[in-house]
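Chemist: After the sequence you'll find the predicted model.
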Amino acid sequence: MAGPDPVDVRLLSVVAEMGRAAVPEIAGRLGMDVRDVAARLATLSTTGLPLIVGVECDVQGIRNAVAAAQHWAAQQNMASGPYPVSGPHQVQHSGSFPQPTGGYPAHSGGFPAPAYGQPSGPQQFVPPGPPPTSFPQQPAAPQDPMNVWGPPGSAAWARGDQQPQQPAQQQPARTGKVGSKLDVEGLEGERITILLVEVVDPADFLFTAAGYELQDGERAVVVHTELTNRGQTPFTSLPDLYLELITTDGSAIAKSPVSLSSRPPHRIGVPPGETAGGHTVYVLPESTELTAVRWTPRPGDTQRTLTWDITDL
């Protein structure tokens, strides 16, 4: 007889400790994938355990998402379905563009033209010929003003034929150091700012004071961050769900499923206009050298990645 799954036991221990929590929050505490946690909880709830797995949502938001999905499906069905035409003419698909197959006489340009008011006989369709080549030529790209108008200071330079280039829009900073605030847009359009408050390395004394033990050759690191929601859209995820430590060889170290009583962890969600802080714990080999702290809303999202350099610590 197979014994209990150790992962399920650890999962149930966290559930018993929290009592009531969202699945992403439980996954964040354990450092597991949200889908894996949801699947395990759903399975455990069918084994007779006093466990209920529920769902809570923004009703209007879900209705909007369903309506958008149905609208998209209707458009796809319309694009891939038949195109009935009145009368004896039918339309067939060739690739992704419908082309007439008969009933329209062709004029000299090779393009089909409907013969309104005339009986449709067995006339052969002539495929469209090449597109006309008498389109007006596009003007050539403007040359360098130095080559056209001469050096600055001449009368020709002041004619203003060349428009000044607009300065490029400044992008928000994506890198910083400890104490830096970095702005980013969340997956749902949230306007958020993340502050790296402190990096405690090593934090073995905090780890052992909370009742945990480190193995030989291990050390603990604690990272303190704050997330500010500057927009009107609630931030519904765990702020440090994908907060990682980056080593000198570019490897990423994920958070540990550990919370310290002296350094409270992040809680899931940050309402608009509010700031929430929390501490993230890491356990790593004692010899590992760290270079940065990296935040991203989901793995691989390079457009929203924030990085803080910690090499000076």
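Modeler: Arrived safely.
Chemist: Report the buried residues of stretch 25-37.
Modeler: For stretch 25-37, the neighbour count (16 or more other CB atoms under 10 Å) marks E25, I26, A27, G28, R29, L30, M32, V34, V37 as buried. Where C-beta positions appear, they are placed from N, C-alpha and C, glycine not excepted.
Chemist: wait, the fifth one sits on S13?
Modeler: No - no contact is recorded between R29 and S13 when judged using CB atoms under 8 Å, the distance being 10.3 Å.
Chemist: related to what we said a few turns ago, what would the buried residues of stretch 25-37 look like in JSON lines with pLDDT and distance to L195?
Modeler: JSON lines is the format used below for the buried residues of stretch 25-37 (pLDDT from 0 to 100; distance: CB to CB, whole Å):
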{"residue": "E25", "pLDDT": "82", "distance to L195": "21"}
{"residue": "I26", "pLDDT": "86", "distance to L195": "26"}
{"residue": "A27", "pLDDT": "84", "distance to L195": "24"}
{"residue": "G28", "pLDDT": "81", "distance to L195": "19"}
{"residue": "R29", "pLDDT": "82", "distance to L195": "22"}
{"residue": "L30", "pLDDT": "85", "distance to L195": "25"}
{"residue": "M32", "pLDDT": "85", "distance to L195": "27"}
{"residue": "V34", "pLDDT": "84", "distance to L195": "25"}
{"residue": "V37", "pLDDT": "87", "distance to L195": "28"}
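Chemist: Now render those as JSON lines, adding secondary structure and distance to G54.
Modeler: Below are the buried residues of stretch 25-37 laid out as JSON lines (DSSP: H, G, I helix; E, B strand; the rest coil; distance: CB to CB, whole Å):
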{"residue": "E25", "secondary structure": "helix", "distance to G54": "13"}
{"residue": "I26", "secondary structure": "helix", "distance to G54": "13"}
{"residue": "A27", "secondary structure": "helix", "distance to G54": "16"}
{"residue": "G28", "secondary structure": "helix", "distance to G54": "18"}
{"residue": "R29", "secondary structure": "helix", "distance to G54": "18"}
{"residue": "L30", "secondary structure": "helix", "distance to G54": "19"}
{"residue": "M32", "secondary structure": "coil", "distance to G54": "19"}
{"residue": "V34", "secondary structure": "helix", "distance to G54": "15"}
{"residue": "V37", "secondary structure": "helix", "distance to G54": "14"}
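Chemist: where do the strands sit along the stretch 201-313 of the chain?
Modeler: With DSSP state E, counting those that start in this stretch, the ranges of strands along the stretch 201-313 of the chain come out as 218-229, 243-247, 252-253, 275-285, 290-295, 306-309.
Chemist: looking at those strands, which is closest to S237?
Modeler: strand 218-229 (9.7 Å; CB to CB).
Chemist: Give me the angle between that closest one and strand 275-285.
Modeler: Angle of strand 218-229 versus strand 275-285, following axes from the mean of the first three to the mean of the last three CA atoms, to 10 degrees, is 160 degrees.
Chemist: list the buried ones in strand 218-229?
Modeler: Of the residues in strand 218-229, those buried (16+ other CB under 10 Å) are R219, A220, V221, V222, V223, H224, T225, E226, L227, T228, N229.
Chemist: Sheet partners, orientation included, of that strand?
Modeler: Using DSSP bridges, the strands paired with strand 218-229 are strand 191-200 (antiparallel), strand 275-285 (antiparallel).
Chemist: Dump those strands to JSON lines, plus mean pLDDT.
Modeler: Converted to JSON lines, those look like this (pLDDT from 0 to 100):
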{"stretch": "strand 191-200", "mean pLDDT": "96"}
{"stretch": "strand 275-285", "mean pLDDT": "96"}
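Chemist: Not counting residues beside it along the chain, what's closest to A42?
Modeler: Nearest residue to A42, sequence neighbours excluded (CB to CB, 6 or more residues apart in numbering): V53, at 5.5 Å.
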